[in-house]
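J.: structure, please.
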Amino acid sequence: MIIADSPSAPGQKEVASATLRGWFIWTAAALFYLYEFFVRVAPSTMEPELQSTFELSAASLGAAIGVYYLIYAPCQIVAGSLLDRFGARNVLVPAALVCTLGCFIEILGHSPFWLSAARFCQGLGSAFAFVGTMYLAAEWFPRSMLARLSGLTTSLGMAGAIMGNSGIARAVETLGWHRALVVAGFVGIAVTAVIFFVVPRDTRQRKARAEEASLPRGPGLLQSLKIVYSNPQSWLAGIAGTALYMPLSILGALWGVEYLISVSGGDKVTGAGAVSMLYVGWLIGGPIAGWFSDRTGQRRNLLLGAGVATLLMTLVVVFVPHVSVPGAYILMLLLGFASTSQVVCFVTAIEHNPPAVAGTAIAATNMMIMVFGGFGEWAFGFILDYFTPGIGHPAAGYPESSYRKAILLLPIVSACGVAAAYFLTEARRKKLIPPGPEPVV
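T.: This is a model prediction of the structure:
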């Protein structure tokens, strides 16, 4: 994510330099972001176990897992205002607890209700992790460091995704998926405790609310959403970003491990390791894409180039008849690196909308990406079911031919993203980008 330097909020003095206390506070919140990304992608390494336990078809599993995104996405709109109203600790502590609760709920029952309820809690709590981390970064660090801290926070999220794939895969094989989730739940409790004891109760922004209350207000939430969503360029930026995020949503968060096992002949651990390379590609490429975009001033061309590169990589994924395990690692790394420029779609949305709705533009774009991402997980599972008639019990697995048909969804979506990026216009540069709620990827 790219965060432009901006003037300090009214009533709030600019932080002169980073302090050791500031680093501790930021780290406590950043650990929550790492943890929520770990929880977000963990189902990708236990897909057969979840299908068998909850007696779900592929489409039903995709829909249940996708509940995460359906609550995560709209919460982006209100996260910033809740943090301003109640303070970081008072929001992040219950959010981390709710996210952790999802891990325990997931092992309580055997009906789809329990899985959906677990993903609801995980999505609801996770929605505040990145926003809260950057909220504290803005409180305790100078503005000149915010872009670097945003990149570092994103990298921690990718590290959490890598652990959620490879780490959980090994834990599932060693302990079983129930015990693996119990361990994950206790890790969440530890993260919650760190936030409670390290993050202070009050912040500078909360103390400045009385002074800010006397200042003129911008458009309300509904009016801001109307402004953003009535702008065709907002939709084009969101569609382009969705297409670049879709490989992470479909392959990284749910279906990638079993797909790669099917086409490469590897086991769960090697499949999870290959999927983790998607996140390595983002971890490496994200800061590079952000730096290059700021350095050259290019948004539209970078999104178009990334869309074309992602389309080509998804076509390789579709049409290569058989992939070795090392080849799968390389393929996933290149696909992640190609799609990592997705981070630029948020600043594109800002620059195509009035400054007064900059925060809403980011949140609305992110909500669009997350809703479509959840839909993509369901659609992949639906295609698997459709082309595998009479498979019987879901634990029997799906044939490679069905995965080959379902994976066609990726280049189709990528082609839509290329078209959206092509019709984007390059916005006139603004000297300042007002602060607002930050996107979560």
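
J.: mean confidence for the helix or strand harbouring Ala240?
T.: For Ala240, the host element (DSSP states H and E) is helix 232-247. Averaging pLDDT along helix 232-247 gives 93.

J.: stretch 270-286 too?
T.: Averaged across stretch 270-286, the pLDDT comes to 85.

J.: CA atoms of that stretch as PDB?
T.: Extracted C-alpha coordinates of stretch 270-286, given in PDB (Å, rounded to 0.1, in the frame of the first residue of the first chain):
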ATOM      1  CA  THR A 270       5.400 -29.300  -1.100                       C
ATOM      2  CA  GLY A 271       2.100 -28.000  -2.400                       C
ATOM      3  CA  ALA A 272       1.900 -25.500   0.400                       C
ATOM      4  CA  GLY A 273       5.500 -24.500  -0.100                       C
ATOM      5  CA  ALA A 274       4.800 -23.800  -3.800                       C
ATOM      6  CA  VAL A 275       1.700 -21.700  -2.900                       C
ATOM      7  CA  SER A 276       3.800 -19.800  -0.400                       C
ATOM      8  CA  MET A 277       6.000 -18.600  -3.300                       C
ATOM      9  CA  LEU A 278       3.000 -16.500  -4.400                       C
ATOM     10  CA  TYR A 279       3.400 -14.500  -1.200                       C
ATOM     11  CA  VAL A 280       7.200 -14.300  -1.600                       C
ATOM     12  CA  GLY A 281       6.600 -12.700  -5.000                       C
ATOM     13  CA  TRP A 282       4.400 -10.100  -3.400                       C
ATOM     14  CA  LEU A 283       6.800  -9.600  -0.500                       C
ATOM     15  CA  ILE A 284       9.600  -8.800  -2.900                       C
ATOM     16  CA  GLY A 285       7.600  -7.100  -5.600                       C
ATOM     17  CA  GLY A 286       5.300  -4.900  -3.600                       C
END
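
J.: so after the helix holding Ala240, what's the next helix or strand?
T.: helix 256-264.

J.: can I get that following helix as PDB, trimmed to CA atoms?
T.: Extracted C-alpha coordinates of helix 256-264, given in PDB (Å, rounded to 0.1, in the frame of the first residue of the first chain):
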ATOM      1  CA  GLY A 256      -3.800 -23.700  -4.500                       C
ATOM      2  CA  VAL A 257      -2.400 -26.600  -2.500                       C
ATOM      3  CA  GLU A 258      -4.800 -29.200  -3.800                       C
ATOM      4  CA  TYR A 259      -4.500 -27.900  -7.300                       C
ATOM      5  CA  LEU A 260      -0.700 -28.100  -7.300                       C
ATOM      6  CA  ILE A 261      -0.800 -31.600  -5.700                       C
ATOM      7  CA  SER A 262      -3.100 -32.700  -8.600                       C
ATOM      8  CA  VAL A 263      -0.900 -31.300 -11.400                       C
ATOM      9  CA  SER A 264       2.500 -31.800 -10.000                       C
END
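
J.: tell me the buried residues in it?
T.: Gly256, Val257, Glu258, Tyr259, Leu260, Ile261, Ser262, Val263, Ser264 (16 or more other C-beta atoms under 10 Å). Yep, even glycine has a C-beta here, placed from its N, CA and C like the rest.

J.: let me have these in JSON lines, extended by distance to Ile284.
T.: Compiled in JSON lines, those are given as follows (distance: C-beta to C-beta, whole Å):
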{"residue": "Gly256", "distance to Ile284": "18"}
{"residue": "Val257", "distance to Ile284": "21"}
{"residue": "Glu258", "distance to Ile284": "26"}
{"residue": "Tyr259", "distance to Ile284": "23"}
{"residue": "Leu260", "distance to Ile284": "20"}
{"residue": "Ile261", "distance to Ile284": "25"}
{"residue": "Ser262", "distance to Ile284": "27"}
{"residue": "Val263", "distance to Ile284": "24"}
{"residue": "Ser264", "distance to Ile284": "23"}
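
J.: how near is Ile362 to Val91?
T.: Separation of Ile362 from Val91 (C-beta to C-beta, to the nearest Å) stands at 18 Å.

J.: so between these two, which is more surrounded?
T.: Set Ile362 next to Val91 and count neighbours by other C-beta atoms under 10 Å: Ile362 wins out with 29 against 21.

J.: what is the subsequent helix or strand relative to the one helix or strand that one maps to?
T.: Mapping Ile362 onto the secondary structure by DSSP H and E places it in helix 358-386. Sequence-wise, the next helix or strand downstream of helix 358-386 (DSSP H and E) is helix 400-406.

J.: quick one: average pLDDT of that following helix?
T.: On average, helix 400-406 scores 88.

J.: other residues contacting it?
T.: Outside helix 400-406, the residues that touch it by C-beta atoms under 8 Å, 6 or more residues apart in numbering are Trp255, Glu258, Tyr259, Ser262, Val263, Val318, Phe380, Gly381, Ile383, Leu384, Phe387, Thr388.

J.: how about the nearest residue to the fifth one, chain neighbours excluded?
T.: Once its chain neighbours are removed from consideration, Val263 has its nearest residue in Val323; the separation is 5.4 Å (C-beta to C-beta, 6 or more residues apart in numbering).

J.: assign that neighbour to helix, strand or coil.
T.: Following DSSP: H, G, I helix; E, B strand; the rest coil, the label given to Val323 is coil.

J.: residue contacts, it?
T.: Each residue near Val323 by C-beta under 8 Å, 6+ apart is listed here: Leu260, Val263, Ser264, Leu331.

J.: on that earlier part again, closest to Ile189 out of the buried residues of helix 256-264?
T.: Nearest to Ile189 among those, counting by C-beta to C-beta, is Val257 at 26.9 Å.

J.: ok, now which ones touch the closest one?
T.: Counted by C-beta under 8 Å, 6+ apart, Val257 has contacts Ser44, Thr45, Glu47, Asn165, Ala169, Lys268, Gly271, Ala272, Val275.
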